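In: pasting the structure only:
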DNA sequence: AACGATACGGAACGCGCGCCCCGGTTGTCA
DNA sequence: TGACAACCGGGGCGCGCGTTCCGTATCGTT
């Protein structure tokens, strides 16, 4: 039952694979060939498979870290004083954090992928944190009341996907964010 | 130089292929295997290739029709009396017209596909019509002034992609559209 | 230093899919 | 209705990619 420690070179290689995979997935999404990841890590394909039973498992490992980190950020924001500002900070965080990462969209939306085991849990954690922020902002009157977390996430995903078409276009990011922000604010009656 | 007319069965088969391809592409995007299209059309794969030199050419033919149709609708709207209403009608048209079609997103955004020959032309036609509607609405004070056609199209693509995740969810569509609409309206100063 | 256990690399396999080919069939025109 | 051209079907090829296998190299320990 107890795991013996990995050999030193095995640990090094595992880290190299994770680093290469993180970079490659962010840049090209899950579509990047595994051989390419191995090449960039300076390892053979077999080595990757000794550490991760499947390409999907490697992707899961990378995404778990990413999503958990995002959820942590969101939880921190949930303790801020101004609920409205905190919510919109969260929005920006999600948008800029994902706009240059093809992988997050694959992870959160890919029909098969998104509902697989550990990713689903992290996803729900993120939704929970987002829901908390949304609820506070709504109760404070800063955000329109007619939408829930899932609608918010859908909106966010779309925005992120759209921005990935012209990655690095800061002006585009600003405009898109502004429209989303203004659309989410509490609307005048009628 | 002059094209001889197709044989009767060839015409029938061509039509069957186009119909099957239109349905299949709309449902699954360009990822649908060509064999599957042939099967649904009740023909062999070879027949498809006799009418369209390449899978991409078939996709182009289908999309050309779709996009041209959309652009036509947009042009019609551009002659309406109320520029604001016309613009938001256009928005809804694009959203509901594409929300259940995986293919349009592939066609308008797929890096390689979108800039290939005839699709590009149709795309520009659509952008032109959209730009006309946007400009009128902005001059009439119905839409915020700080965005151009390309930003609008980006926004639209994102919205559509997001909605494709839960196809047929009318409530989600309504909420997302409402947020987009309110975000695009002329904003109060400051 | 030497030996067993552990890990490595990359060639090889299976599969899905775009595309081609060719023996057989069907439409057209005299 | 016969004969030729046009067209059809689906098996097969090549390629990319996920995954496996095994001979070789490296690590840890005595």
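Out: Right, received. Where do you want to start? Given the structure is predicted, the values throughout are model-derived calculations rather than measurements. Numbering: from 1, shown residues only, chains lettered A, B, ... in the order given.

In: Checking my notes, residue A:188 in a strand, right?
Out: No: assessed with DSSP: H, G, I helix; E, B strand; the rest coil, residue A:188 is coil; it does not lie in a strand.

In: Count the neighbours of it for me.
Out: Counted with other C-beta atoms under 10 Å in any protein chain shown, residues neighbouring residue A:188 total 8. Every residue, glycine included, has its C-beta placed from N, CA and C.

In: and what of residue A:146?
Out: Number of residues near residue A:146 (other C-beta under 10 Å) recorded here: 12.

In: and if you look at residue A:109?
Out: When neighbours are counted by other C-beta under 10 Å, residue A:109 registers 20.

In: So it sits against residue B:165, correct?
Out: Yes: if you go by C-beta atoms under 8 Å, residue A:109 and residue B:165 touch, sitting 5.6 Å apart.

In: any shared contact partners between the two?
Out: Residues touching both residue A:109 and residue B:165 comprise residue A:157, with contact defined as C-beta atoms under 8 Å, 6 or more residues apart in numbering or on different chains.

In: Surely residue A:48 touches residue A:39?
Out: No: when contacts are counted by C-beta under 8 Å, residue A:48 is not listed as touching residue A:39 (10.4 Å).

In: Compare those two (neighbour count), which wins?
Out: For residue A:48 versus residue A:39, neighbours defined as other C-beta under 10 Å are more numerous around residue A:48 (23 against 14).

In: need the helices for chain A, in chain order.
Out: Listed in chain order, the helices of chain A (DSSP state H) span A:8-28, A:34-41, A:45-51, A:55-77, A:83-99, A:102-109, A:111-114, A:117-139, A:149-163, A:170-184.

In: If you rank every helix and strand of chain A by mean pLDDT, what lands last?
Out: helix A:111-114 (a mean of 69; mean pLDDT, DSSP states H and E).

In: which residues touch stretch A:34-41?
Out: With contacts defined as C-beta under 8 Å, 6+ apart, stretch A:34-41 is touched by A:13, A:16-17, A:19-21, A:23-24, A:44-45, A:47-48, A:55, A:58.

In: hmm, which two among those residues are most spread apart?
Out: Distances among those were taken as C-beta to C-beta; the most separated pair is A:23 and A:44, at 18.5 Å.

In: How about the residues of chain A by DNA strand D?
Out: A:7-9, A:33-35, A:45-46, A:49, A:53-56 (C-beta under 7 Å from any atom of the strand).

In: Just the buried residues from those residues, in ChimeraX please.
Out: Buried members of these, identified by 16 or more other C-beta atoms under 10 Å in any protein chain shown, are gathered into one ChimeraX selection as follows:
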select /A:34,55
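
In: Contact partners for the closest residue to DNA strand C within chain A?
Out: Nearest to DNA strand C in chain A, going by C-beta to the nearest atom of the strand, is residue A:46, at a distance of 1.8 Å. The contact partners of residue A:46, taken as C-beta under 8 Å, 6+ apart, number zero.

In: Please identify the buried residues of stretch A:94-113?
Out: Along stretch A:94-113, these residues count as buried under the neighbour rule (16+ other C-beta under 10 Å): A:94-95, A:98-99, A:101-110, A:113.

In: what residues does chain A put near chain B?
Out: Listed as neighbours of chain B in chain A under the rule C-beta under 8 Å from any C-beta of the partner chain: A:109, A:144, A:146-147, A:150-151, A:154-155, A:157-163, A:165-166, A:172, A:175-176, A:178-185, A:187.

In: Now, of these, which are buried?
Out: Among those, those classed as buried by 16+ other C-beta under 10 Å are A:109, A:144, A:147, A:151, A:154-155, A:157-163, A:165, A:172, A:175-176, A:178-185, A:187.
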